[in-house]
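Asker: How does the following fold in three dimensions:
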Amino acid sequence: MTTDTATGAASPGPVFLGIDTGGTYTDAVLWSPAGSDQGRLLAKAKALTTRHDLAIGISGAADAVLAKADIAPSAVRLASMSTTLATNALVEGQGSRAALVMIGFDEGDLARDGLAAALGSDPLVRLQGGHDVHGNARPLDLAPLEAALPELAASVTAFAVCAYFAVRNPEHELAAAELIRGRTGLPVTMSHELSSKLGGPRRALTTLLNARLVGLIDRLVAATEGFLTARGIDAPLMVVRGDGALVSAAFARRRPIETILSGPAASLVGARHLTRLDNAFVSDIGGTTTDVAVLSGGRPRLDPEGATVGGHRTMVEAVAMRTFGLGGDSEVSLADGGLEAKLKLGPRRLVPLSLAAHLHGDAVHAALERQLGSANPGRLDGRLALRTGPPERFAAGLADAEAKVYAAVTDVPQPVDRLVSSTTQQATLARLVARGLVAVSGFTPSDAAHVLGRQSNWDAQAAHLGAALMARRRDGRGMPVAETPELLSERVLVALTRRSAEAIFETALADDGLPGGEMVAHVLAQRALDGARGTARLSLSLDRPVIGLGASASLHYARLRELTGSQVIVPEDADVANALGAVVGQVRVSMEALVARPSQSTFRVSAGNYLADFREEAPALEAARAEAVRLVRERAAEAGADDPQVEIAEEISAATVEGQRSFVEARVVATAFGRPRIAG
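Answerer: Now for the predicted structure:
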């Protein structure tokens, strides 16, 4: 152990700083690879995530963990972060306004793979051009794009470009991107950079989502880099990708879509590290989502079809994780219809009333007390709105009605019943929430825990007021929803544990190839979970233990074993598993080269921007291998790998006709993996 002469703080050899920025909390850990096979967790700390300025939350957590461990900042040789921000944005339908440029597609393509629904009201520019399956070009016409750019430059924050068969020849995407960057200076995502798979509409969807997330991840990386610079930490910054691998911050900035499921992927790595279990269900409950995955043979399973988040099936290779809009900060509401009041949880995240009052005090108390003093309950009782604090350019393109409501919202929570007065204005406010410009505060399971004294870090008085407002709401019979705020809060926490069990069983059944959601909703499964007694007795159980992760796992999973019929393990450091997973992982990247046969005498090799024709199969395959290795080494260097190993896998398709072998196509995949570079 050494001592930093400037600060006097101890430095136990190389130290890695892990950070996880979630929807509610930012976690930090200090980990040393020395000492044992598992290394040592030196210290952990938490701070509130500050969405208006992420640097505040990051600094709060990282400074606290350095102080706890009494470690000199100069001892940090690597910083790595995971985040749920991209996942949460997609689950909640949020993201910046982006323009989609589609080259060579027809109108019908918009109806495929949910592309039209994902695009919504964001602008679309369609151009003539693209390529055929062999990479042969059609005439490209950039004139409509050139004409639209002046207006688009003022109303969007990024562009997504997708051309027909760009994975076979990306030249038209490159031409459109060059024009956009030259005229607007805004970020551009090209589809061929994100995936080498066919399926244009889904590739366009993935590219659009990436463009919407660029600003969010850029702010996160910039905030973290700013903290490191301010503290004199001269160390590489890594980010956890959705498949659990580490990549450099620069890499993640260009491909933020690959950070969806970053937090859950890091939690799987952390869960394996903390428990050494090879086979388990991992259920990670956060503020916004619960993420459930299966750990088999010590490795997380990857989704071969691409990650699905927020209802969008992307082309992003990520852990086979099922994400549910269920967390400690989930919206608690009443289901419409029926005589008895039924509680609904999520999928939207609210700012808990207890947290809003913790940060803003009197403004929250005054609004809730006024509503509680009213003779009759109102539908908007217990709801407040406040700005999330993004830069003003992210409010570009607001309609007049949206701009008017947005101008009335401030940084201090205001009661929604004073902000909007019609159903139309409520819809307008909802659109501002979807854009990530406004947050809504309301009653959540975190508030219920405060009411019952099972959580005490925020303002319990505001939580109690919110519970009282919801408890006095009327059901279909005209009776109060609950007799007391405490009884309502107990129902909320029981419902959260029950929904958590349903999420785990849904994941288990889906892993068995069954329609998990339908089966868990079936009356037989519900009777089994209810423990209903009858002539026919039903039960459900899992074949492996559940590892519970998240700061509130010990609270919400305390009675989970009764529902799952299996052991439930909440490790000692379950609250920082994501941050720990961020520093114990490896860099891993892949690149693909394709050999096609557009004619009897031509073998065409395509890989990235490389396109070349050969007259024979053998030299074409050799060129494909060489190009795949060259590209993957470049990408590994970009991703921050230190002396990576490279493995090659290839799949050759050939047909036999009248006893003669005929080459069809070949795929060569080169994968590079290794530990990240650390500061000397």
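
Asker: For the rest of this, base every contact and every neighbour count on C-alpha atoms.
Answerer: Fine.

Asker: Report the residue spans of this structure with pLDDT below the cut-off.
Answerer: The model of the chain has pLDDT under 70 over residues 1-13, 35-37, 91-92, 337-338, 680.

Asker: can you list the domains in it?
Answerer: 2-91+218-274, 98-213, 586-674 (automatic domain parsing).

Asker: could those domains be laid out in CSV, adding distance to residue 292 and mean neighbour count?
Answerer: As requested, the domains of the chain are exported to CSV (distance: least, C-alpha to C-alpha, whole Å; neighbours: other C-alpha atoms under 10 Å):
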stretch, distance to residue 292, mean neighbour count
domain 2-91+218-274, 8, 22
domain 98-213, 22, 20
domain 586-674, 22, 19
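
Asker: out of the ones you listed, which comes closest to residue 483?
Answerer: Nearest to residue 483 among the domains of the chain is domain 2-91+218-274 (30.4 Å), distances taken as C-alpha to C-alpha.

Asker: Need phi/psi at residue 658.
Answerer: Main-chain dihedrals, residue 658, degrees, to the nearest 10: phi 50, psi 40.

Asker: same deal with residue 620?
Answerer: When read as degrees, to the nearest 10, the backbone of residue 620 gives phi -70, psi -40.

Asker: Likewise for residue 595?
Answerer: Phi and psi for residue 595, reported as degrees, to the nearest 10, are phi -110, psi 110.

Asker: you'd agree it is up against residue 610?
Answerer: No. With contact defined as C-alpha atoms under 8 Å, residue 595 does not reach residue 610; the gap is 11.6 Å.

Asker: ok so, going back, okay if I get the domains of the chain as CSV plus distance to residue 530?
Answerer: Compiled in CSV, the domains of the chain are given as follows (distance: least, C-alpha to C-alpha, whole Å):
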stretch, distance to residue 530
domain 2-91+218-274, 29
domain 98-213, 36
domain 586-674, 43
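
Asker: Of the ones you listed, which is nearest residue 578?
Answerer: Closest approach to residue 578 among the domains of the chain (C-alpha to C-alpha): domain 2-91+218-274, 4.2 Å.

Asker: Wait, residue 624 touches residue 593, no?
Answerer: Yes. Between residue 624 and residue 593 there is a contact at 5.5 Å, judged by C-alpha under 8 Å.

Asker: any common contacting residues for these two?
Answerer: Contact criterion C-alpha atoms under 8 Å, 6 or more residues apart in numbering; residues shared by residue 624 and residue 593: 605, 606, 607, 668.

Asker: would a markdown table of those residues with secondary structure be doable?
Answerer: Shown next, in a markdown table, are those (DSSP: H, G, I helix; E, B strand; the rest coil):
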| residue | secondary structure |
| --- | --- |
| 605 | strand |
| 606 | strand |
| 607 | strand |
| 668 | strand |
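
Asker: I'd like those written out as CSV, with distance to residue 634 added.
Answerer: Below are these laid out as CSV (distance: C-alpha to C-alpha, whole Å):
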residue, distance to residue 634
605, 18
606, 17
607, 13
668, 16
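
Asker: For residue 494, state which of these is nearest.
Answerer: Closest approach to residue 494 among the shared contacts of residue 624 and residue 593 (C-alpha to C-alpha): residue 668, at 51.2 Å.

Asker: who touches the most centrally placed residue in the chain in this structure?
Answerer: For the chain, the residue nearest the mean C-alpha position is residue 87 (1.8 Å; C-alpha atoms, centre = their mean). Contacts for residue 87 were tallied using C-alpha under 8 Å, 6+ apart; they are 259, 260, 261, 262, 309, 310.

Asker: Helices of the stretch 301-450 of the chain, start to end?
Answerer: Taking DSSP state H, counting those that start in this stretch to define them, one finds helices in the stretch 301-450 of the chain at 353-360, 362-372, 400-408, 416-419, 423-434, 445-451.

Asker: got the buried residues for the longest one?
Answerer: Right, the one you point to is helix 423-434. For helix 423-434, the neighbour count (16 or more other C-alpha atoms under 10 Å) marks 425, 426, 428, 429, 430, 431, 432, 433, 434 as buried.

Asker: what do you get for the third one?
Answerer: Of all the residues in helix 400-408, those buried under the rule 16+ other C-alpha under 10 Å are 402, 405, 406.

Asker: rewinding a little: can you tell which of the helices of the stretch 301-450 of the chain is closest to residue 519?
Answerer: Here helix 445-451 is closest among the helices of the stretch 301-450 of the chain (C-alpha to C-alpha), at 26.1 Å.

Asker: separation between residue 574 and residue 19?
Answerer: Plainly put, residue 574 is 14 Å away from residue 19 if you go by C-alpha to C-alpha, to the nearest Å.

Asker: nope, residue 275 is what I was after
Answerer: Separation of residue 275 from residue 19 (C-alpha to C-alpha): 20 Å.

Asker: Kindly reformat the contacts of residue 87 as TSV containing distance to residue 207.
Answerer: As requested, the contacts of residue 87 are arranged in TSV below (distance: C-alpha to C-alpha, whole Å):
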residue	distance to residue 207
259	13
260	13
261	17
262	18
309	14
310	15
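
Asker: quick one, longest helix in the protein?
Answerer: Counting residues, the longest helix found in the chain (DSSP state H) is helix 200-230.

Asker: quick one: residue 116 and residue 110 touch, right?
Answerer: Yes. Using C-alpha under 8 Å, residue 116 is in contact with residue 110, at 5.1 Å.

Asker: which phi and psi does residue 52 have?
Answerer: Main-chain dihedrals, residue 52, degrees, to the nearest 10: phi -70, psi -30.

Asker: how much space between it and residue 442?
Answerer: Residue 52 is 19 Å from residue 442, by C-alpha to C-alpha.

Asker: now the end-to-end length of stretch 191-205.
Answerer: Stretch 191-205 has an end-to-end distance of 9 Å (C-alpha to C-alpha).
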